[in-house]
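Undergrad: Sharing a sequence plus its predicted fold:
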Amino acid sequence: MGTPARVVVLPQDTATLRIEELDLPDPGPTQVVVKQFASGICHSQLHQMHRPRKSPVVLGHESTGVILQIGADVTHVQEGDTVLVTWVPRNAAAAAALPVRAELTVSDGMAQSENVFTWADHTLADQQYVVKVDPNIQKDVTSIIGCAVMTGAGAVINTANVQPGKSVAIFGVGGVGLSAVVGAKMAGADPIIAIDLDDHKLEFAKQFGATHTINASNQDPVEAIHALTPHDGEFSIFRAPVSGVDFAFDCIGLKQTMEQILPACRGGHFGVCVGGTAVLVGVPTTDVQLSAIDMLVSEKHFIGSIGGSCAPDRDFPRFLDWQDDGHLDLDAMVTARYSIDQINDATDALQNGQISGRAILEF
């Protein structure tokens, strides 16, 4: 019979979003229908909106909701369960087959999702993209765990495996960057250096654990990082003093920041320890030029982190515990709220840098 839904649709030939009222199909064998409470609004959707596409698209990839229907082969959730929806398979190692991608018939064709779609008051998703959680969690701000928190905090604790006392620099302190700051704090990193172009965002980052801030519009962030992080008694292969952070995270993905995180890292102490690690977290839209000689001589590393290397079944309970214990302040991190009818206002605000932390849609 289908489930009535209001869904945000990105047309094939324009970046102006529209809302359609339609009936979601009944779930397939491995799918579930979720009534949603709230969804995060991510920069990744801006990338989708501004690149060519061959059909309409349905957007969004992080939310909190409740299961309304389940398919015949769904085993780990039941109707009535509270869930977090995410774009990363919850347990890829245990999956018997690839997750099913949702498709919807809309007014101008067949609209596809990239794994999931959450800019809708109801969604249809494969069971691999929903994680059962305590029904007593907050139903609004937890919606950003499925991307922002997972991506930022996961990059620190999973991809980089930052250890206590290691130094960290985080370029870009929006929702993902703030989550990386929290991950660094929970890992025991010191110092935790936040870099951005906005003094308000930098001051905001201190609430989440940043120990130092650098406004890159006023000074060279690489030089400023090295000034903050001398490694006394350590020398490079050329007997130059070593400075720089152990880990630098780019949570933006711009060409400029991608090319700054490697030189921001410490060089190796010749014969004693290798150099630092630059971690690309933000989604890039350009190629990048890196100094091969710097990587070779300083024994540095440049790596990528997709979705914070997270396994949602393992990591989401940890992030919810952080929130319960007061270490992850999702109420503060969510700085803007919109209704589904305001979706174009929300994406415009995100595009124009007007969202300090993370914005959400509330249904």
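TA: Received the coordinates, thanks. Residues are numbered from 1 along each chain as shown.

Undergrad: Quick check: the gap between Gln127 and Ala111.
TA: Distance from Gln127 to Ala111, counting by Cβ to Cβ, to the nearest Å: 21 Å. Quick note: C-beta positions are derived from backbone N, CA and C, even for glycine.

Undergrad: Would you map the helices across the stretch 1-150 of the chain?
TA: In the stretch 1-150 of the chain, the helices defined using DSSP state H, counting those that start in this stretch lie at 43-49, 150-154.

Undergrad: Let's verify Ala349: helix, strand, or coil?
TA: Under DSSP: H, G, I helix; E, B strand; the rest coil, Ala349 falls in the helix class.

Undergrad: typo on my end, Gly253
TA: coil.

Undergrad: so of the helices of the stretch 1-150 of the chain, which one's packed in deepest?
TA: Stretch with highest mean neighbour count among the helices of the stretch 1-150 of the chain: helix 150-154 (a mean of 29; mean count of other Cβ atoms under 10 Å).

Undergrad: what's it in contact with?
TA: 62, 86, 88, 175-183, 186, 251, 281, 305, 307-310, 312, 315-316, 319, 328 (Cβ atoms under 8 Å, 6 or more residues apart in numbering).

Undergrad: and with 7 Å instead?
TA: By Cβ atoms under 7 Å, 6 or more residues apart in numbering, the list of residues contacting helix 150-154 from outside reads 86, 176-180, 182-183, 251, 281, 307-310, 315, 319.

Undergrad: ok now that helix, how far from the chain's centre?
TA: 6 Å (Cα atoms, centre = their mean, to the nearest Å).

Undergrad: what is the mean pLDDT for it?
TA: Averaging pLDDT along helix 150-154 gives 98.

Undergrad: Throw the helices of the stretch 1-150 of the chain into CSV and include distance to Gln323, thanks.
TA: Listed next are those as CSV, based on distance: least, Cβ to Cβ, whole Å:
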stretch, distance to Gln323
helix 43-49, 22
helix 150-154, 11
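
Undergrad: Looking at these, spot the one closest to Trp119.
TA: Nearest of the helices of the stretch 1-150 of the chain to Trp119, taken as Cβ to Cβ: helix 43-49 at 7.7 Å.

Undergrad: Give me the distance between Ala227 and Pro89.
TA: Distance, Ala227 to Pro89, by Cβ to Cβ: 43 Å.

Undergrad: now Leu68
TA: For Leu68, the distance to Pro89 (Cβ to Cβ) stands at 21 Å.

Undergrad: Tell me which of these two has more neighbours.
TA: Of the pair Leu68 and Pro89, Pro89 is the one with more neighbours under other Cβ atoms under 10 Å, namely 20 against 15.

Undergrad: Help me confirm that the more buried one comes into contact with Gln128.
TA: Yes. With contact defined as Cβ atoms under 7 Å, Pro89 reaches Gln128; the gap is 4.3 Å.
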